[in-house]
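> My questions concern the predicted model and sequence given below.
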Amino acid sequence: MSLEVLVVDDSRSMRDMIRCALEPAGFTVHTADDGVHGTEVLSGIKPDVIITDINMPRLDGFDFIGAVRDFDAYRSTPILVLTTEAAPELKQRARKAGATGWIVKPFDPVKLVKALQMVAGQDRRMSTPDPMEDIRV
């Protein structure tokens, strides 16, 4: 079964890198260039997992996560933060907003695929991570 992933990041090169990592593994990748665009894209899809950056114009990752959690349809959709940030207070803020996990850039493509399969429940061999613990990719 293929996973549908929404990637929200203001960096085109990062969106392209994530797409290049996920599509060969059979994922369907949808992209948005900021949180506002991300909420617009969500109106037409039902992703299995959402990946978001934190620092974006118009609607940052924290507010995007909060907006996603306001929709009943996405209350349980895993949301991974993929960012260069690593400060504990930012992780706490993301957790309060409703994020599932935190990945620090740069990422390893193979490990990113495994992390997405894990949080989406496809890889039963891996245990679900503690919320907001760094997912090592």
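Nice, thanks for sending it over. Since this is a predicted model, take the numbers as computed values, not measurements. Numbers count the residues shown, from 1 in each chain.
> and residue 66, which of the three is it?
Of the three states, residue 66 takes helix according to DSSP: H, G, I helix; E, B strand; the rest coil.
> In contact with the one residue sitting closest to the centre of the chain, which residues?
Among the residues of the chain, residue 51 comes closest to the average C-alpha position under CA atoms, centre = their mean, at 1.5 Å. Listed by CB atoms under 8 Å, 6 or more residues apart in numbering, the contact set of residue 51 reads 5, 6, 7, 8, 9, 18, 79, 80, 81, 82, 116. Every C-beta, even on glycine, is put in place using the N, C-alpha and C of the backbone.
> all strands in this protein, in order from the N-terminus.
Secondary structure of the chain by DSSP state E: the strands cover 4-8, 28-32, 49-52, 79-83, 101-104.
> Highest mean neighbour count out of these?
Comparing the strands of the chain by mean neighbour count (mean count of other CB atoms under 10 Å), strand 49-52 ranks first with a mean of 26.
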